[in-house]
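Undergrad: Sequence first, predicted model second:
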Amino acid sequence: MKRLVTLVLVMFLLLISTFTLPASAADTVNGEQIFSVHCAGCHINGSNIIRRGKNLKKQALKKYGMDSIEAVTSIVTNGKNNMSAYKERLTEQQIQDVAAYVLQQAEKGWR
């Protein structure tokens, strides 16, 4: 009986650890909402109304070294040139979420 309880407990712990996301995991659904409120005005569908070539499409992100979560979170946090900084307006988690959403959409071709 003791072996059975131990086996069930181990299986339960394995299932929980397999299907539970870490607390810091990016939430792309939340990222989409944040993007629509704070970013879509200049970057609708991954475009850029200010500087046409510096858009959020996969090819441009790669060309400018912005194709990683660290690079996107850095520019969202600190801004650069015409891009405003959002460190005072968004939490670190919100910035992570929107960065994950941008990279996800770039992979999908902004469809």
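TA: On my side now, so go ahead.
Undergrad: And stretch 61-68, end to end?
TA: Terminal residues of stretch 61-68 are spaced 9 Å apart (Cα to Cα, to the nearest Å).
Undergrad: before we move on, what about stretch 45-56?
TA: 8 Å.
Undergrad: By neighbour count, which bits of it are buried? Give me those.
TA: For stretch 45-56, the neighbour count (16 or more other Cβ atoms under 10 Å) marks Gly46, Ser47, Asn48, Lys54, Asn55, Leu56 as buried. Where C-beta positions appear, they are placed from N, C-alpha and C, glycine not excepted.
Undergrad: State the mean pLDDT of that stretch.
TA: For stretch 45-56, mean pLDDT is 93.
Undergrad: try stretch 26-41
TA: Averaged across stretch 26-41, the pLDDT comes to 95.
Undergrad: following the helix or strand encompassing Val76, which helix or strand comes up?
TA: Here Val76, judged by DSSP states H and E, is contained in helix 69-78. Under the assignment DSSP H and E, the closest C-terminal helix or strand after helix 69-78 is helix 92-108.
Undergrad: Contacts only, for Tyr64.
TA: If a contact means Cβ atoms under 8 Å, 6 or more residues apart in numbering, then Tyr64 has Lys54 as its contacts.
Undergrad: Tell me the secondary structure of Asn48, please.
TA: Secondary structure for Asn48, judged by DSSP: H, G, I helix; E, B strand; the rest coil, is coil.
Undergrad: what's in contact with the helix holding Val76?
TA: Here helix 69-78 has contacts from 26, 61, 65-66, 83, 85-87, 90, 92, 95-96, 98-100, 102-103, using Cβ under 8 Å, 6+ apart.
Undergrad: Just the buried ones out of the residues you listed, please.
TA: 26, 61, 66, 83, 86, 90, 95-96, 98-100, 102-103.
Undergrad: and the spatially most central residue of the chain, what does it touch?
TA: Nearest to the mean C-alpha position of the chain, by Cα atoms, centre = their mean, lies Ala100 at 1.3 Å. The contact partners of Ala100, by Cβ under 8 Å, 6+ apart, come to Ala26, Asp27, Thr28, Gly31, Ile69.
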